[in-house]
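[1] mind looking at a prediction? Sequence and model below.
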Amino acid sequence: MSHRCGVRQAQKEKTRRALLDAALRLLEDQSLSSLGLREVTRAVGVAPAAFYRHFRDLGDLGVALVEESLGSLHHMIGAILAGQDGDAERIDATVAAVAEHVRRYPAHIRFIARERHGGVRAVREAIAAELDRFADEVATDFCPRLSAEDWPPEDVRMLAELYVDHMVMTATAFLEAQAEHPGAAGASGAADVEDAVGPAGAVGPAGAVGPAGAEGAAGAEDERRVAATARKQLLLISLGRHHWRDG
């Protein structure tokens, strides 16, 4: 009996995963509000009734995608904030981590960018709640240092929201750079981004034409440009932070 239950549970998880993956693929060129439930089930090869064993509706599926899309980024950025000393080191690590996250999960980032202000209320609210929780985590990390500088809690929170908004903006910029050169996917790696965000903050030299040819080189150059801009913006925020209480 327990073996049969285990098999059924594994099959259920497999179907749920297939529905999420199919929805992400279908959402590459359309919004969630325009997606049909039957489109998703047809792509998976299950009856529409099977969908309701996993999700109440497409909005519920969208909320699951939100949690999946942003959850891993929370842990990654949290580890950076906890493990890096110095503004420059944190900025370098943050930009490189966002670039790598976009490279690994472009469909998830595209989904968040499109649906953050999309037509499905449950999904908009889920994205807002996840970003709000993200800001809470960043504020918690900032608080011990900024409280010592007499920052009031509301200002700490405002700074945390600014960082989180910047991360989302940077992720979208990396995604757009990737979309401009689809043939370059996978051709530029973390090392390319790290070249752009080295200790001096200067844009690294253009890489040699690799396996992806000119398209890969152009994609890598665009990524370096996005990374360099993101780093400068974060440095500007950091400089403002250090002088915020001067007045």
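    Looks like it came in fine.
[2] CA atoms for contacts and neighbours, from now on please.
    Will do.
[3] pull the number of nearby residues for residue 45.
    13 (other C-alpha atoms under 10 Å).
[4] my read: residue 19 touches residue 41, true?
    Yes. Using C-alpha atoms under 8 Å, residue 19 is in contact with residue 41, at 7.0 Å.
[5] any idea how far stretch 236-247 is from the chain center?
    27 Å (C-alpha atoms, centre = their mean, to the nearest Å).
[6] pull the CA atoms of it into CSV?
    Extracted C-alpha coordinates of stretch 236-247, given in CSV (Å, rounded to 0.1, in the frame of the first residue of the first chain):
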residue,chain,number,x,y,z
LEU,A,236,25.7,55.7,-6.4
ILE,A,237,23.1,54.3,-4.0
SER,A,238,25.8,53.3,-1.6
LEU,A,239,27.4,56.8,-1.7
GLY,A,240,24.1,58.4,-1.0
ARG,A,241,23.5,56.0,1.9
HIS,A,242,26.8,57.0,3.5
HIS,A,243,25.8,60.7,3.4
TRP,A,244,22.0,60.3,4.0
ARG,A,245,22.2,61.4,7.7
ASP,A,246,24.7,64.2,7.1
GLY,A,247,21.9,66.8,7.0
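[7] can you give the contact residues for it?
    87, 149-151, 159 (C-alpha atoms under 8 Å, 6 or more residues apart in numbering).
[8] residue 19 and residue 41: which has the busier surroundings?
    residue 19 (24 against 20).
[9] before we move on, the earlier item: in helices, which of the contacts of stretch 236-247 fall?
    Among these, DSSP state H puts 87, 159 in helices.
[10] distance to residue 11, pLDDT and neighbour count for the contacts of stretch 236-247 - can I get that in a markdown table?
    Converted to a markdown table, the contacts of stretch 236-247 look like this (distance: C-alpha to C-alpha, whole Å; pLDDT from 0 to 100; neighbours: other C-alpha atoms under 10 Å):
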| residue | distance to residue 11 | pLDDT | neighbour count |
| --- | --- | --- | --- |
| 87 | 47 | 81 | 14 |
| 149 | 54 | 83 | 12 |
| 150 | 55 | 87 | 9 |
| 151 | 52 | 92 | 17 |
| 159 | 45 | 94 | 19 |
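[11] now for the contacts of stretch 236-247: which two are most distant?
    87 and 150 (19.0 Å; C-alpha to C-alpha).
[12] that older thread, turn the contacts of stretch 236-247 into CSV, columns for distance to residue 238.
    Output for those, formatted as CSV (distance: C-alpha to C-alpha, whole Å):
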residue, distance to residue 238
87, 7
149, 14
150, 16
151, 14
159, 10
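[13] ok, the most centrally placed residue in the chain - contacts?
    Most central in the chain under C-alpha atoms, centre = their mean is residue 109, positioned 5.1 Å from the mean C-alpha point. Applying C-alpha under 8 Å, 6+ apart to residue 109 gives the contacts 69, 102, 171-172, 175.
[14] go again using 6 Å as the cut-off
    Under the criterion of C-alpha atoms under 6 Å, 6 or more residues apart in numbering, residue 109 has no contact partners.
[15] okay, it: pLDDT?
    At residue 109, the pLDDT value in this model is 93.
[16] now the host helix or strand of it, how far from the chain's geometric center?
    Assigned by DSSP states H and E, residue 109 falls within helix 106-115. Relative to the mean C-alpha coordinate of its chain, helix 106-115 is positioned 8 Å out (C-alpha atoms, centre = their mean).
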